[in-house]
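Enquirer: sequence-free structure coming up:
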Ligand SMILES: Cc1cc2nc3c(=O)[nH]c(=O)nc-3n(C[C@H](O)[C@H](O)[C@H](O)COP(=O)(O)OP(=O)(O)OC[C@H]3O[C@@H](n4cnc5c(N)ncnc54)[C@H](O)[C@@H]3O)c2cc1C
């Protein structure tokens, strides 16, 4: 295990390549990948490169899952590609970026998104972007810069819990914090309302859950992964063209050139055993293979596994998966621009519905061209763990909240809208660490990949999806004696891991007495 040290900026090798082993599989090695999101396509990419005959079965008519994109005709007759939602591509997403490099070696498809402001009605904006990359300098700089972390804002803080953030190590974090909710952790942390709202809550909500529905262990791990243990810094990039043009069409072409079959509109309805092989039953025809990667969203995995002859451990783990409350995404084509100084992406704190705002017309080619032509603005509003009863209500609430934050948008007329509310993100409730499926299962031939999967290495969201996909592919390669794909990432232990930081609380109390 490695500790995060300030001078360790290069990614760690988490899985080493084994050049002494063959690179290509024996002829006739077949695999079926169920699900064409990041996890499934990451697995399929590695398998196809090594000579595996891969079939990807994807239920939707497009690839990408929660990162997918599709065509939409605006009321003026023009075509736009609409995404599932804005995504921040963090710079330490080593596995996912390595997959993207297959189609764009210089990663020119991504461009930096300036700043990472958190905005609120109550307090001035905070910028989490542009902090020094290396821990602990990022934390020191945040303290020096953030008005939410002045002495009076943190006077009542529990030092032991604060240091626990720097002392993350996977097993200890789970033991100490999994039974607690993120809400309780933040309350016990004892920082001011302002520091809690502006620095911690906005971050916690990006994981699609209410604070009371999110395990404090997951929050501490994610704080380590994205901030305190992240040697690349918290800044991020985003594609400068829509996700279909920039990512999915090129990856589909890359796969097809390597002999993979990508079947869209092919929902998998069942799995059954036939001798040593699995029969994967999909609309439009079944496929047989010895190796299967299930790369579904958590609800779909639970449904598929419920009717399948899998081992008891996989059945129990998949059966206990929980899905987060719905998220709502509303893309609005407005007849006038937002203020010229508004950031491309802003996280929102303290609103009942609105969690983020993205100005697509300042980010993505097609939206920018529409805005240049019409003088309008393309704005996307997100709500995570959304309480609105339907997408239209979510849009109305988010618009009203945006108008309170950015008054210039109040009078804007909505020329077009695409709005969705959907529950496909995983939940990480308190007390559930160790209950989710891992990549390896007790069922011969079946591996699981996705952003909810118990991953042996630090990772989150898109990177966890990609990393578990590559780990699943590596297990298929191992089964036929072929060397693994190298995987890089960050250290799994914080700067103070292993030190008795929990005693600091007692010290603080004794001093205060
Ligand atoms: C609005 C929004 C914003 C986000 N922002 C960020 C961000 O800024 N940064 C970040 O890192 N992550 C972000 N995420 C999370 C990120 O999108 C996910 O972590 C990632 O896309 C998950 O990929 P996956 O392959 O595990 O799952 P999915 O993308 O859900 O893929 C599963 C696939 O399985 C398919 N499927 C389901 N059932 C079947 C079936 N029966 N047969 C065949 N196929 C089936 C689905 O259609 C889907 O394509 C965001 C997500 C959303 C929704």
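Expert: Received the coordinates, thanks. In this text, all values refer to a predicted model and were calculated from it rather than measured experimentally.

Enquirer: Show me the residue sitting in the middle of the protein in space.
Expert: With distances taken as C-alpha atoms, centre = their mean, the residue of the chain nearest its centroid is residue 461 (1.9 Å).

Enquirer: Wait, that one touches residue 451, no?
Expert: Yes: taking contacts as C-beta atoms under 8 Å, residue 461 lies within contact range of residue 451: 5.6 Å. C-beta coordinates here come from the backbone N, C-alpha and C atoms, glycine included.

Enquirer: Which of the three states applies to residue 381?
Expert: strand (DSSP: H, G, I helix; E, B strand; the rest coil).

Enquirer: got any ranges where the stretch 151-300 of the chain has weak pLDDT?
Expert: Applying pLDDT under 70 to the stretch 151-300 of the chain flags residues 151-156.

Enquirer: pLDDT value on whatever residue of the stretch 301-450 of the chain ends up closest to the ligand, please?
Expert: Closest residue of the stretch 301-450 of the chain to the ligand, C-beta to the nearest ligand atom: residue 450 (3.5 Å). In this prediction, residue 450 carries a pLDDT score of 98.

Enquirer: For it, identify the helix or strand it belongs to.
Expert: In the assignment (DSSP states H and E), residue 450 maps to no helix and no strand.

Enquirer: show me what contacts the nearest residue to it once chain neighbours are set aside?
Expert: Using C-beta to C-beta, 6 or more residues apart in numbering and skipping the chain neighbours, the partner closest in space to residue 450 is residue 39 (4.7 Å). If a contact means C-beta atoms under 8 Å, 6 or more residues apart in numbering, then residue 39 has 65, 295, 449-451, 453, 465-466, 468-469, 472 as its contacts.

Enquirer: quick one: is the strand or helix carrying residue 39 near the ligand?
Expert: Secondary structure from DSSP H and E places residue 39 in helix 38-49. Yes: counting by C-beta under 6 Å from any ligand atom, contacts between helix 38-49 and the ligand involve 38-40.

Enquirer: next helix or strand past that helix?
Expert: Next in sequence after helix 38-49, counting helices and strands by DSSP H and E, comes strand 53-57.

Enquirer: Give me the average confidence score over that following strand.
Expert: Mean per-residue pLDDT for strand 53-57: 98.

Enquirer: what helices or strands is that strand leaning on?
Expert: Using 3 or more C-beta pairs under 8 Å, 6 or more residues apart in numbering; DSSP states H and E as the contact test, the elements touching strand 53-57 are strand 30-34, helix 38-49, strand 261-263, strand 287-289.

Enquirer: what's the closest of those to residue 423?
Expert: Closest of those to residue 423 is helix 38-49, at 18.1 Å (criterion: C-beta to C-beta).

Enquirer: how many degrees apart are that closest one and strand 30-34 in direction?
Expert: 160 degrees (axes from the mean of the first three to the mean of the last three C-alpha atoms, to 10 degrees).

Enquirer: What residues of helix 38-49 count as buried?
Expert: 38-49 (16 or more other C-beta atoms under 10 Å).

Enquirer: Stretch 333-342 too?
Expert: Here stretch 333-342 shows 333-334, 337-338, 342 as buried, counting by 16+ other C-beta under 10 Å.

Enquirer: And that stretch, end to end?
Expert: Start and end residues of stretch 333-342 are separated by 16 Å (C-alpha to C-alpha, to the nearest Å).

Enquirer: Quick one: mean pLDDT over it.
Expert: Rounded mean pLDDT across stretch 333-342 is 97.

Enquirer: what do you get for stretch 500-513?
Expert: Averaged across stretch 500-513, the pLDDT comes to 51.

Enquirer: Quick check: residues of the stretch 51-200 of the chain near the ligand?
Expert: 57-60, 65-67, 84-85, 87-88.

Enquirer: coming back round to it: would JSON lines of the contacts of residue 39 with neighbour count be doable?
Expert: Shown next, in JSON lines, are these (neighbours: other C-beta atoms under 10 Å):
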{"residue": "65", "neighbour count": "26"}
{"residue": "295", "neighbour count": "32"}
{"residue": "449", "neighbour count": "34"}
{"residue": "450", "neighbour count": "30"}
{"residue": "451", "neighbour count": "25"}
{"residue": "453", "neighbour count": "28"}
{"residue": "465", "neighbour count": "31"}
{"residue": "466", "neighbour count": "29"}
{"residue": "468", "neighbour count": "32"}
{"residue": "469", "neighbour count": "33"}
{"residue": "472", "neighbour count": "32"}
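
Enquirer: any idea which of the residues you listed is closest to the ligand?
Expert: The closest of the contacts of residue 39, once distances to the ligand are taken by C-beta to the nearest ligand atom, is residue 65, at 2.1 Å.

Enquirer: longest helix of the chain?
Expert: Criterion DSSP state H: the longest helix present in the chain is helix 461-479.

Enquirer: could you give the angle of that one to strand 30-34?
Expert: Using the same axes, to 10 degrees: helix 461-479 against strand 30-34 is 160 degrees.

Enquirer: roughly how far is helix 461-479 from the heart of the chain?
Expert: Its chain's C-alpha centre and that of helix 461-479 lie 15 Å apart, by C-alpha atoms, centre = their mean, to the nearest Å.

Enquirer: Same check on stretch 48-58?
Expert: Using C-alpha atoms, centre = their mean, the offset of stretch 48-58 from its chain centre is 24 Å.

Enquirer: again with stretch 20-39
Expert: That offset, for stretch 20-39, works out to 24 Å (C-alpha atoms, centre = their mean).

Enquirer: Now do the domain split for this structure, please.
Expert: Domain segmentation of the chain under automatic domain parsing yields 17-65+242-322+428-485, 117-234+494-512.

Enquirer: any idea which of these is most buried?
Expert: Stretch with highest mean neighbour count among the domains of the chain: domain 17-65+242-322+428-485 (a mean of 21; mean count of other C-beta atoms under 10 Å).

Enquirer: follow-up on the earlier one: relative to strand 53-57, how tilted is the helix holding residue 39?
Expert: 160 degrees.

Enquirer: quick check, distance from helix 38-49 to the centre of its chain.
Expert: Distance, centroid of helix 38-49 to centroid of chain: 17 Å (C-alpha atoms, centre = their mean).

Enquirer: all helices of the stretch 251-400 of the chain, in order?
Expert: 298-306, 312-319, 365-374, 391-405 (DSSP state H, counting those that start in this stretch).

Enquirer: Quick one: closest of those to residue 232.
Expert: Nearest to residue 232, of all these, is helix 365-374, at 25.6 Å by C-beta to C-beta.

Enquirer: tell me the mean pLDDT for that closest one?
Expert: The model assigns helix 365-374 a mean pLDDT of 96.

Enquirer: Okay, buried residues for it please.
Expert: In helix 365-374, counting by 16+ other C-beta under 10 Å, buried: 365-368, 370-371, 374.

Enquirer: Put together JSON lines for these, with distance to residue 20 on each row.
Expert: Output for the buried residues of helix 365-374, formatted as JSON lines (distance: C-beta to C-beta, whole Å):
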{"residue": "365", "distance to residue 20": "45"}
{"residue": "366", "distance to residue 20": "48"}
{"residue": "367", "distance to residue 20": "49"}
{"residue": "368", "distance to residue 20": "50"}
{"residue": "370", "distance to residue 20": "54"}
{"residue": "371", "distance to residue 20": "55"}
{"residue": "374", "distance to residue 20": "60"}
